[in-house]
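Participant: need a structure here:
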Amino acid sequence: LIALIHYNPNYDPFFRFQLFENWPSNIGYYLIVSLSFVIVWILNSVKPFKKTVLVYYIFGIGLFGIFLWTLSRASWFALAIATVIALSLWAYWKKTQLFKHFILGGLLIATLVPFGFLTVPQHAKNEILIRFFPRVGNIGEITDVRAGKPTRIMKFVIEEGIVPSFREASRPRLWTEYSKRIIRQPFGLGVNYALVTYGDDERGPHNTILEILTLGGVLSLAGFIYLFYLGFKNIIMRLREVSADTWTLYLITALTGLVIASFFDNMSTFRIMWVLLGLALFVPQPAEEQILPDTTARTP
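Facilitator: Residues are numbered from 1 along each chain as shown. Got it, this is the predicted structure:
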């Protein structure tokens with residue numbers, strides 16, 4: 001897989017993993033779906049114990065390494081919340097030892113992160129650390145005389161304390177500017193709306209709800225929310241009736257992760273989110289006893 005990425009002319013080997021995608025964050029969103037699968041199947045292979053847990057665990061380590069390498073903080077945050085939901089539902093099924101199973105599953109999933117971090121190249125580790133701790137240091141470039149190529153190096157410079165930070169300065173400005181436009185045109189600006197200029201770049205809303213309001217206004221947003229309401233309602237009804245249904249737990253974990261990520265990016269056209277929503281809308285409910293009409297012919 002690492003060899004394949006070098007065939008992508010847009011790939012920057014010293015920055016964010018993107019494979020053949022046009023934007024690294026998209027890889028993060030796809031991996032929310034993949035890692036949700038891995039997480040749920042690891043949990044269901046632990047209790048009761050199955051030997052296949054090792055296969056899922058090793059696979060999860062590799063995916064987590066790539067997931068961190070995408071440097072998509074929205075994806076990291078979304079998967080963290082989705083994982084807590086999956087753990088809570090899974091532990092609830094083990095009602096006799098709820099707290100014990102929650103801690104057990106949590107520790108097992110948490111270890112995937114450091115092991116995944118160890119699998120990525122050193123320059124990627126540096127980028128990941130700066131993404132978590134932007135005040136720890138900065139990135140400089142030197143020229144490797146032998147290779148004749150710029151090489152990214154790490155300079156550790158503590159600026160304002162070593163604390164995690166996920167703040168994005170552009171978001172408040174984007175939300176403010178797009179909100180002003182929506183207030184003026186509450187039924188949407190259409191698909192060819194002008195992007196907001198921030199610095200030297202033009203940017204979209206970076207929020208799916210804001211994006212839908214910008215595109216189609218309040219009516220489009222109402223339809224969007226209603227569809228997701230129906231999808232989650234259908235999944236929850238299934239979970240209430242068949243609590244140990246693995247596929248339903250996977251579906252609610254993956255869809256929740258993508259919905260949370262959608263608050264930090266434009267995802268109205270992200271196809272896999274709509275695929276998952278379609279699956280949620282058509283999750284089969286447990287068969288109910290049917291009362292059939294009596295069609296037996298009666299003679300007067």
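Participant: so what's Ile81 up against?
Facilitator: Applying Cβ atoms under 8 Å, 6 or more residues apart in numbering, we find Ile81 in contact with Thr256, Gly257, Ile260. Every residue, glycine included, has its C-beta placed from N, CA and C.
Participant: ok, so of these, who is nearest Leu19?
Facilitator: Relative to Leu19, the closest of these is Gly257; by Cβ to Cβ it sits at 19.6 Å.
Participant: Give me the nearest residue to Gly62, chain neighbours excluded.
Facilitator: Once flanking residues are discounted, Gly62 sits nearest to Thr119: 6.3 Å by Cβ to Cβ, 6 or more residues apart in numbering.
Participant: how much space between that neighbour and Arg73?
Facilitator: According to Cβ to Cβ, to the nearest Å, Thr119 stands 20 Å off from Arg73.
Participant: Any stretches of the stretch 151-300 of the chain with poor pLDDT?
Facilitator: Confidence mapping of the stretch 151-300 of the chain against pLDDT under 70 gives the ranges 151-169, 243-244, 286-300.
Participant: And the strands in it?
Facilitator: Using DSSP state E, counting those that start in this stretch, the strands of the stretch 151-300 of the chain run over residues 196-198, 201-203.
Participant: List of residues touching the last one?
Facilitator: Residues lying outside strand 201-203 but in contact with it, judged by Cβ under 8 Å, 6+ apart, are Ser170, Leu174, Leu195, Val196, Thr197.
Participant: out of those residues, which is most surrounded?
Facilitator: When neighbours are counted by other Cβ atoms under 10 Å, Val196 leads the contacts of strand 201-203 with 21 neighbours.
Participant: Enumerate every residue touching that residue.
Facilitator: Per Cβ under 8 Å, 6+ apart, neighbours of Val196: Arg173, Leu174, Glu177, Tyr178, Glu202, Arg203, Gly204.
Participant: With distance to Gly278 added, can I get those residues in JSON lines?
Facilitator: As requested, the contacts of Val196 are exported to JSON lines (distance: Cβ to Cβ, whole Å):
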{"residue": "Arg173", "distance to Gly278": "35"}
{"residue": "Leu174", "distance to Gly278": "30"}
{"residue": "Glu177", "distance to Gly278": "33"}
{"residue": "Tyr178", "distance to Gly278": "28"}
{"residue": "Glu202", "distance to Gly278": "32"}
{"residue": "Arg203", "distance to Gly278": "30"}
{"residue": "Gly204", "distance to Gly278": "25"}
